[in-house]
Each structure stands twice: as C-alpha cells, then as structure tokens.
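# Quick one: sequence plus predicted model below, questions after.
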Amino acid sequence: MDDRTVALSIVLPCYNEAGNLPKIYAVLSEILQTQPDVEVLLVNNGSTDRSSAVFAELQATHTLPIRVVSIPKNQGYGHGILTGVRAAQGAFIAWSHADMQTDPRDILAAYEKLRQSDDPERTLVKGRRKNRPPLDEFFTSGMAWLSSAALGQWLHDINAQPKLFPKSFVSLLDKAPTDFSLDLFFLYEAKTRGYTLLEQDVVFGKREHGEAKGGGTMKGKLKLIKRTLAYIFELRRTLKTNNGNRRTSHQHP
C-alpha cells in the first residue's frame, strides 16, 4: 500500500465467488478511478473453487488499490469480514457482500450520508433492502421483531448491506461472533452504545453466479434463522449474567 491518505476502506468477503470476480473487479475499477481516497480489500475467505487462480489473474492486470487478503481455511462469514476490517487503513470502513446482489456503489451513497451527518465519528450507516420478494420480507420482519423483543433494542433488516462505520468502532468488534451473527452483534453494539444509526435504501438484486452462502434458499434461510436464534438467546443470557454481576457488585462494595 502506498502512503496516500485512505478515507474509506471497502471490505468484501469472497467465498467461492470465482464466477463473480471479473464483474466485481469491473465495478470496483469504475469506483476507484473516480475515488482516489478509497481502497478495497477482497477477502479470499478459504475458497475451495478457482478463486485463488482468478484473483491472481485479475490482480496481475489491475493497478488500482485493490488488496486481496487470503485466509487458508474458511472459519465463517464473520471471520472473513473481521479479518478484512482489521487490515483496513481507512478512516471509515464498510463491508458488504461480494455476490453483486448489493451494488458496491451503494457504499459510496452510504458514505456520503455518513459524511453529511452531524457527528460522523458517532454515526453508522446500514442498508435497507427494497423491492424484495414477499417471503423474504416475511422472514426479515419476523427476525427483526424476535431479535428486538429478546434484546430490548429495535433491530430492523439485520442482514442488509452495506454496513459503514468509523475506524474507532473496530475495537468494539473484538468479541464479535465469526459467523452470520456478526451483523446482529454489530447493530446491537451500535444501539446500546448510543451511536446514531442511519439507513441507506438499496435494491437487492439477483445472484448471477455461484450459490448464496446465507439465506438465499429455503434451506439456507432455515439454517440462518436457527443460527441467529441460538445467538440471540446466547447474547441475552450473557446480558442477564452481566447485569446480575453488576447488581451484586453494587450491593457488596
């Protein structure tokens, strides 16, 4: 990396996205040619397809600030994102998906919204998906109500991308889960610590190549719901334990 100032780092975890990588590079090249203070980190998250070879081919033909962070073995969606986030150099950091269902250009719109906020260092921006199938909206709304009721914070469209935040927020992710519960943890931390949370409307498109890694299919949705429910109640148990410990310490100085 050169010594230029990086205002925004974009982190995209890539797991078996060999078919999507050429399009990803094409879109990112458009962005970076007009955004000299932006860097991109593509995380090869333990891919088992041809991703490593495709990355090598594309990197050899691009001179723009796209870095590839390689993880030898996949340790979860959240692990891939957090690895990229911790390697990022920008004053602000965003993550999104690499499947092109969420356009990376939406990150720039979210970044502009954050920059125009009253206090960018205490502001986060998340996506809010539009024009989705009714069944997907049903699952999303159900998980939102359940999460909010269990944790005592209003959490909506939890898995929508992008997520955008100041670099100072990274330290709050030290105990974040390394699976698909990362998005829930991120929003919960933001809410409980008093950050302003803004939303950026995004159109959630169709995947052109490969398979969805989260809730793209009915089977995937059910697995994602099961994992998320387990984490919601694990987090609630932790909160109750911590609150009980604080009350005990106040009673017995």
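Looks like it arrived, so ask away.
# For the stretch 151-253 of the chain, which segments count as helices?
Along the stretch 151-253 of the chain, the segments classed as helices by DSSP state H, counting those that start in this stretch run 182-192, 218-251.
# Just give me the lowest mean pLDDT stretch among the ones you listed.
When those are ranked by mean pLDDT, helix 218-251 comes last with a mean of 65.
# Please report the distance of Pro13 from Trp95.
Distance of Pro13 to Trp95, computed by CB to CB, to the nearest Å: 7 Å. Using the backbone N, CA and C atoms, a C-beta is placed for each residue, glycine as well.
# Next, show the common contact partners of those two.
Taking CB atoms under 8 Å, 6 or more residues apart in numbering as the contact rule, Pro13 and Trp95 both touch Ile81, Gly84.
# Which residue is the nearest non-sequential neighbour of Thr140?
Spatial nearest neighbour of Thr140, chain neighbours left out: Asp157 (5.7 Å); criterion: CB to CB, 6 or more residues apart in numbering.
# so that neighbour touches Ala144, yeah?
Yes: contact criterion CB atoms under 8 Å: Asp157 and Ala144 qualify, at 6.7 Å.
# out of those two, which sits in the more crowded spot?
Asp157 (21 against 15; other CB atoms under 10 Å).
# where do the strands sit along the stretch 101-250 of the chain?
123-130, 163-166, 196-203 (DSSP state E, counting those that start in this stretch).
# Now mean pLDDT too, for these, in TSV please.
Formatted as TSV, those follow (pLDDT from 0 to 100):
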stretch	mean pLDDT
strand 123-130	95
strand 163-166	98
strand 196-203	94
